[in-house]
Every structure is written in C-alpha cells, then in structure tokens.
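Student: everything below, folded, please.
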Amino acid sequence: MTTRHGTFATSLGDLLFVAEGEAITGVYFPGHRYPPDPEQVGDDLGAEPGDTVLAEAARQLREYLRGERTQFDVTLAPAGDEFSQQVWALLQAIPFGATTTYGELALRLGNRALAQRVGQAVGHNPVSIIIPCHRVLGADGSLTGFAGGLDRKRELLRLEEPEPAEAGRLF
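Tutor: Numbering: from 1, shown residues only. Here you go, the predicted structure:
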C-alpha cells in the first residue's frame, strides 16, 4: 500500500491529510501538538492533490466545517496500540453535538483510574476531527488540551452546538 499526503485549505487552516491505500491514517493541524513522523507520511502530493482518497476526506471535512455534514464516511486506519484503538473507537461513538469526559471514557473501559491514560490516547489521536477528540472535556466541563489548540477546539464545539445550548454557553 502506498502512503502519501496532501495539504488542503480549510476554515481551520491548511490541514495535512495522510492516507495509506484506501484509508485515511492522519489529519493534522498546522502546529499540531504531536505531528506525524515525516518518514511515515509518504509521498508529498502537494496542495489540493487529485488523489481520490485524500480529496474525498477533505471534501467531507469541509462540508462538516460548513455545517453541512454531521458524520464522516471515509475508511480510517489510524496506527496505534490496542488501548489507543479502543479509546479512538469510543471517540467515534460520541454523537455529533455531544461531549464526554476522560473519566467517563475510562469508566466505559472498565476502570476510572485509566483517565490519564485515556487522555494520552485522546491527545495522540492521529485523525483529528474525523475521530472527534474535540468532544472530550475536563471533569468539570472545561476545555482541556487539544492538538490543534483550544481556539480550534472551541470552534469545533460551537459548530456542533445546538442553538438553545449556545445561548447559555460559558466558554
């Protein structure tokens, strides 16, 4: 399988999309907290490449950012250990417009003491937005770390927020 990447302009900045074969393996922000290893992103296809897998993922993400999409329909293959894969699967089950906490995710994995480890897996999610790590908040409902920065996390949560909730928002 050929690994390759391209950059697509979005309202959140130029995002780096990485694919291997028919699957998306990464979506990264400019200044991403945990950027991909340059040796693992494959060939650089440039800005707005015609690669169908990369272009489709970018199209769907742009639709999401315009409020035209609430779910993604692309094949994903993020690389990570078994625990991270379990956490990322839980993230994908968080509905559009909903949030959860690291502690709640740890409880779903069977042990609240795993909250810090869950936080590490969430923070190292390689497929930003499509695997919705932005939907995870601190135990007190506060915005906590996000690989793309808290301003972007806030914007993503606003995008998903129902209008009545937006009126009472604290952040």
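Student: what's the domain layout of the chain?
Tutor: 3-65, 82-163 (automatic domain parsing).
Student: for residue 151, see how far away the most centrally placed residue in the chain is.
Tutor: Residue closest to the mean C-alpha point of the chain, counted by CA atoms, centre = their mean, is residue 128 at 2.1 Å. Separation of residue 128 from residue 151 (CB to CB, to the nearest Å): 14 Å. Placement of C-beta: from N, CA and C, glycine included.
Student: with residue 92 instead?
Tutor: 24 Å.
Student: now swap in residue 46 and tell me
Tutor: Going from residue 46 to residue 151 by CB to CB gives 27 Å.
Student: so residue 32 sits in a strand?
Tutor: No: secondary structure assignment (DSSP: H, G, I helix; E, B strand; the rest coil) places residue 32 in coil, not in a strand.
Student: and residue 34, how far from residue 43?
Tutor: To residue 43, residue 34 is 22 Å away according to CB to CB.
Student: likewise for residue 33?
Tutor: 25 Å.
Student: returning to that earlier point: how about the residue nearest to the centre of the chain, what does it touch?
Tutor: 15, 27-29, 32, 134, 147-148 (CB atoms under 8 Å, 6 or more residues apart in numbering).
Student: go again with 6 Å.
Tutor: For residue 128, the contacting residues are 27, 148, by CB atoms under 6 Å, 6 or more residues apart in numbering.
Student: equivalent analysis for residue 126, please.
Tutor: By CB under 6 Å, 6+ apart, the contact set of residue 126 is 26, 78.
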